[in-house]
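J.: Provided below for reference: sequence and predicted model.
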Amino acid sequence: MKDPRHNVLAVLRDVAARVPDRTALVLEEPGRGESRITFAGLWERIGRAAAGLRRRGLGPGDRAIVMIPMSIDLYVALLGLLKLGAVAVFVDPWIGRRQIAAFAAFAEPRAYLGIPKSHLLRLLDGRLRAIPLSVTTGGRLGPLPARHTLGELETEPGDDDVHPVDPDDPALVTFTSGSSGEPKGANRTHGFLLAQHRALAAEFSAREEDVDMPMFPVFALNNLASGVPSIVPAMDFRRVEKVDAGRVLRQMHTHGVTTCTASPPFFDRIAEHLAVHPDIKPRLRRLLTGGAPVSDAQLRTWRKALPDPELLVVYGSTEAEPVAHLTAEERLAAVNDLRPGTPGYCVGHPSERVKTKLIRIVDGPVDRPDELPPGEIGELIVTGDHVCRDYYRNPQAVRDNKITDPDGTVWHRMGDTGSFDTAGRFWIAGRVHSTIHRRGGLLHPQLVEQAARGDDDRIRRIAAVGLDDRAVLVVETDAGEEMKQDIAKRLAAAGIEIDEIDEIVLTREPLPVDPRHNSKIDYGRVGAWLGRGR
């Protein structure tokens, strides 16, 4: 049944009424200095933008491409769409130009909202040029780069009404990282967004005085629903490994940041900077990281640089966030008594808000999963209110990644392999798509990589990949050939038979990683590189 209370924007309306003068968003913009807005100011702008979109013919159920980086304008545009019942198709900056055009074609949008630069892409593609309503966050000259500006949409007052929706109505389409193939549009319904907000608020509760620095747009969205101020880090989100840690730390100090959510390379840079400048003392009480496996060595480095805040490693995916988490101390102390030696990466106990199963590893769709007992390595599947049930207009992706029980329960295939220990904690062993089939058995990449790396700080990145019928270990390092013997000894000590590895390749070239977090190894590209003869 459609009801305004089912619209996720009703939560933000309540927050704006409760803490109208509290700062909602702060960011530094090149050439414009610092920008900030209160919750009441943001709600007013959202209302104006929604009214402007409605006057120009956009209505409930209509799709709109949103190509705006983290900013006040992003949340004005995105939430304005949700307020009137439209569907925001959010496009991250890491997605390639051809993919953007393809996504736009399948979404059949009626509007395109973006920064001026993004409209150059729109004008170069016939499918994007055909979209009826175009809006730029900058200025315009006649119809270029867009027919309207965001400022023009906001010229007349809006109202406090939110459009009534059904919990299963689409609200936001966001794309997976594509680590196991082509990115897919996760269908985040209004009910899903509300459930995810409740899950995040329960798992990572905020204090009244908290100020957060979120690197991910979805966490800033959750902050808005919780009444927590967000300080957007001054960085290029496409180049996380290049973040200016000194600048970000100055932001933290200036705005009294108490919590921070970011990917591992972000905290690597912060720790490196603090090691050189020990006089800097951030007032942080909690750090959250995820998006890729975090090594024990990274955790120890971060803890040395940041001894005081709680440090949480969060496990989840675009389709299911959060699934599990644990503290750095719990991770470093974790012992898997079922598989000693090469245990994988412990991600902790699953959240009470999800159900989990471990199923036999299968390439391709699964109709009747073969559930495995604790201790065996299989693929993790999860279900819960904050687990996406489908992909937007992509039945093949649903078939490949979802399992439906006879009673209608939908399980999401996390794509991660691993096992549960006797304490009920999940240990990741690798990815289904990168599992190596070798001599009638399976090699799990992260187990091999973890054993091969050990605590060797000469290794920057490492990837175990399958190439035809061979298993190849590729190591990014400046070390010489003598390292191969060191790796062989570590593998043998961990119980991994060295003759299972056909070749160890040392390279000074950076191994390719995912464009979103700059953390996950792109096994497909590593394999292609090996296949081309390096």
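T.: Structure's in. What do you need?
J.: just for this protein, where's the confidence low?
T.: For the chain, the stretches with pLDDT under 70 are 30-31, 93-97, 103-106, 176-183, 341-342, 498-499, 515-519, 533-534.
J.: Was I right to think Gly466 contacts Gly527?
T.: Yes - at 7.3 Å, Gly466 and Gly527 qualify as touching, with contact defined as C-beta atoms under 8 Å. To be clear about C-beta, it is placed using only N, CA and C from the backbone, and glycine gets the same treatment.
J.: From what I see, Met70 and Val26 are in contact.
T.: No - Met70 is not in contact with Val26 according to C-beta under 8 Å; the separation is 11.4 Å.
J.: Need the overlap of contacts for the two.
T.: Shared contacts of Met70 and Val26 (C-beta atoms under 8 Å, 6 or more residues apart in numbering): Val232.
J.: Thought Leu153 was touching Asp73, still the case?
T.: No - when contacts are counted by C-beta under 8 Å, Asp73 is not listed as touching Leu153 (11.0 Å).
J.: So between those two, which is more surrounded?
T.: Leu153 (26 against 23; other C-beta atoms under 10 Å).
J.: what residues are up against that one?
T.: The contact partners of Leu153, taken as C-beta under 8 Å, 6+ apart, are Arg48, Ala49, Ala51, Gly52, Leu53, Arg56, Gly80, Val135.
J.: Name the member of those residues with the most neighbours.
T.: Busiest of the contacts of Leu153 [other C-beta under 10 Å] is Gly80, holding 29 neighbours.
J.: Which stretches in the stretch 101-250 of the chain count as strands?
T.: 111-114, 133-136, 148-149, 170-175, 185-189, 212-214, 230-231 (DSSP state E, counting those that start in this stretch).
J.: I figured Leu121 hits Ile100, correct?
T.: Yes - taking contacts as C-beta under 8 Å, Leu121 lies within contact range of Ile100: 6.5 Å.
J.: Quick check: neighbours shared by those two?
T.: By the contact definition C-beta under 8 Å, 6+ apart, Leu121 and Ile100 are jointly contacted by Met67.
J.: Pick out whichever of these two has more residues nearby.
T.: Ile100 (21 against 17).
J.: To which secondary structure element is the more buried one assigned?
T.: Here Ile100 sits within helix 97-107, counting by DSSP states H and E.
J.: Alpha carbons of stretch 340-352, as CSV, please.
T.: Taking C-alpha atoms only, stretch 340-352 is exported to CSV below (Å, rounded to 0.1, in the frame of the first residue of the first chain):
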residue,chain,number,x,y,z
PRO,A,340,45.2,-23.4,11.0
GLY,A,341,48.1,-22.0,9.0
THR,A,342,46.2,-20.3,6.2
PRO,A,343,42.9,-19.2,7.7
GLY,A,344,41.9,-16.5,5.3
TYR,A,345,40.5,-13.2,6.5
CYS,A,346,38.1,-13.2,9.5
VAL,A,347,35.2,-10.8,9.0
GLY,A,348,33.5,-11.6,12.3
HIS,A,349,30.0,-12.8,13.2
PRO,A,350,27.2,-12.1,10.8
SER,A,351,24.8,-9.3,11.8
GLU,A,352,21.6,-10.4,13.6
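J.: The residue nearest to Asp3 when sequence neighbours are not counted - how many residues pack around it?
T.: Counting by C-beta to C-beta, 6 or more residues apart in numbering, Asp3 lies nearest to Pro164, which is 5.3 Å off, once chain neighbours are set aside. Pro164: 16 surrounding residues under other C-beta under 10 Å.
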